[in-house]
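Colleague: sharing a sequence plus its predicted fold:
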Amino acid sequence: MSQFGMQMPGGRQQRNAGPDVYTALIFLGVVAMGVAVGMLWVAGSKVAPDGMPFNIQDPDRIQLNSDS
Amino acid sequence: MHILTKVFVLIAAVLSIMMASLAIAYSVNVDRVTADYRDMQAAKISAENELAAQRATHGQAQAALQEDLAAARDELASRNADTRRLEAATSDLRIKLRQAEAARESISAKIAQLGVTTETQARIIDEYKNENDRLRDGELAFRDEKIDLEKAISDLESQVIVYEQVKRSLQEQIAEFQRESSGTSVASSNNRNSGTVTEMTQLVRGSIDEVMNDPNTGYTRVRINLGSNDRVRANTRLYIIRDNTMYLGDMIIESVDLNHAVGRIAFVKDNQSIREGDQVLSRLGS
């Protein structure tokens, strides 16, 4: 669609395109997701049986770390 | 798209997957933990209720035990009081026992002492009995001896009587001869010599102070230490003995003063002589 000349920002940069706003936004999103993953990791390790947030508690035998 | 954008998209996809899995795991774990927490809370409540019930029961039991404890303490106090009372009674009884034992020992000692005293008195009685027997034997012997002596005295008295009679006859003959030979000068002495010879009824004892031979008359005269104070009179017959046992002879008092007397020897036993110191008696057999 280059013959129509997109009005969207970053549309002109097709050859050797540099970082644009979408890059910044995705960057911010990645940073936010990273922070969310980190917070989930910490919270999940507190309620996980052996500190690994991906492990699931046995319903008949709940184990919590003493550190949490 | 810029390479960074592609990278960031990739990273974002990975992070989204991770975040989803983390969120799922977290939600499940949280759900289970909260369920377990609620179960624990219910158990806690039931345990607390049970604890309250047990505490109430325990309180009741404790109250009952306290009552039992108070009753036991009261009984213990009463038993202690009884024990002290019995201990005091035991002490009194022990004191009385010691006193009774001391009294028994003193009585035993007294009994032993009385036994010894009794034995001693029995021995003394035996000795008294033996001495009494000896004294009786001695008395019997003395009586026998006395009887023998009395017999001897009777014999001697009978001899004396015979001798006196002989002497009287001889004296009469002598007086007759003197009267014939000396005349009146002898008369007065004959009066004195031919007076009735008497004997004293009471017993007097004396001794011969001096012995003299009268050449004129041939008589042996003696002076004794008895006189009128001793109731000695003229013509009194006295008996001469020696050592209180041996008869020597007779004398007749011729003259008397207060404390002395002179007499002649009327009879002398054969082979005997009169000397100073011989005793004179008013009668024999005493």
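Modeller: Done, it's in.
Colleague: separation between A:A43 and chain B?
Modeller: Relative to chain B, A:A43 is positioned 6 Å away (criterion: C-beta to the nearest C-beta, to the nearest Å). (C-beta placed from N, C-alpha, C; glycine too.)
Colleague: up against chain A, what does chain B have?
Modeller: Proximity of chain B to chain A is assessed by C-beta under 8 Å from any C-beta of the partner chain, with B:1-2, B:4-5, B:8-9, B:11-12, B:15-16, B:18-19, B:21-23, B:25-26, B:28-30, B:32-33, B:35-36 identified as the residues in range.
Colleague: what number of residues lie near B:Q202?
Modeller: Other residues near B:Q202 come to 8 when the count uses other C-beta atoms under 10 Å in any protein chain shown.
Colleague: up against chain B, what does chain A have?
Modeller: Taking C-beta under 8 Å from any C-beta as the contact definition, chain A meets chain B at A:17-20, A:22-23, A:26-27, A:29-30, A:33-34, A:36-37, A:40-41, A:43-44, A:47-48, A:53-57, A:59, A:62, A:64.
Colleague: return a PyMOL selection command for the buried portion of these.
Modeller: The following PyMOL line selects those of these that are buried, judged by 16 or more other C-beta atoms under 10 Å in any protein chain shown:
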select buried, chain A and resi 19+20+22+23+26+27+29+30+33+36+37+40+41+43+44+47+48+53+55+57+62
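Colleague: so which of the residues of chain A next to chain B sit within helices?
Modeller: A:22-23, A:26-27, A:29-30, A:33-34, A:36-37, A:40-41, A:43-44, A:47 (DSSP state H).
Colleague: what sits closest to A:G29 if chain neighbours are left out?
Modeller: Of all residues not flanking A:G29 in the chain, B:A12 sits nearest, at 5.7 Å (C-beta to C-beta, 6 or more residues apart in numbering or on different chains).
Colleague: surely that neighbour touches A:V31?
Modeller: No - under the criterion of C-beta atoms under 8 Å, B:A12 lies out of contact with A:V31, with a separation of 9.8 Å.
Colleague: so between these two, which is more surrounded?
Modeller: Shown here are B:A12 and A:V31; by other C-beta under 10 Å, B:A12 has more neighbours (19 against 14).
Colleague: tell me the SS of B:N271?
Modeller: Judged by DSSP: H, G, I helix; E, B strand; the rest coil, the three-state class of B:N271 is coil.
Colleague: from chain A, how far out is it?
Modeller: 164 Å.
Colleague: so for that residue, what's the pLDDT?
Modeller: Looking at B:N271, its pLDDT is 85.
Colleague: on the pLDDT front, check B:E75 for me.
Modeller: Value for B:E75, per-residue pLDDT: 97.
Colleague: so how many other residues sit close to it?
Modeller: Using other C-beta under 10 Å as the criterion, the residues surrounding B:E75 number 10.
Colleague: elements contacting the one helix or strand it maps to?
Modeller: B:E75 is located in helix B:3-182, with elements delineated by DSSP states H and E. Using 3 or more C-beta pairs under 8 Å, 6 or more residues apart in numbering or on different chains; DSSP states H and E as the contact criterion, the secondary-structure elements in contact with helix B:3-182 are helix A:21-47, helix B:185-193, strand B:246-256, strand B:261-268.
Colleague: residues contacting the residue nearest to A:G29?
Modeller: B:A12 makes contact with A:I26, A:G29, A:V30, A:M33 under the criterion C-beta atoms under 8 Å, 6 or more residues apart in numbering or on different chains.
Colleague: tell me, how many neighbours does B:S21 end up with?
Modeller: Using other C-beta under 10 Å, the number of residues around B:S21 comes to 15.
Colleague: my read: it touches A:N55, true?
Modeller: No - no contact is recorded between B:S21 and A:N55 when judged using C-beta under 8 Å, the distance being 11.4 Å.
Colleague: about what we covered before: going by mean pLDDT, which of the helices and strands packed on helix B:3-182 comes out lowest?
Modeller: Of all these, the minimum mean pLDDT falls on helix B:185-193 (a mean of 44).
Colleague: and the next helix-or-strand element following it, how far from the chain's centre?
Modeller: Beyond helix B:185-193 on the C-terminal side, the first helix or strand identified by DSSP H and E is strand B:198-199. Taking C-alpha atoms, centre = their mean, to the nearest Å, one finds the center of strand B:198-199 at 61 Å from the center of the full chain.
Colleague: next SSE downstream of strand B:198-199?
Modeller: On the C-terminal side of strand B:198-199, the nearest following helix or strand under DSSP H and E is strand B:205-213.
Colleague: what's the first helix or strand after that following strand?
Modeller: Elements were assigned by DSSP H and E; along the chain past strand B:205-213, the next helix or strand is strand B:220-224.
Colleague: show me what the helix or strand following that next one packs onto, helices and strands only.
Modeller: Downstream of strand B:220-224, the first helix or strand assigned by DSSP H and E is strand B:236-242. Packed against strand B:236-242 by the contact rule (3+ C-beta pairs under 8 Å, 6+ apart) you find strand B:198-199, strand B:246-256, strand B:261-268, strand B:279-281.
Colleague: mean confidence for the first one?
Modeller: Which is strand B:198-199. Per-residue confidence for strand B:198-199 averages out to 82 on the pLDDT scale.
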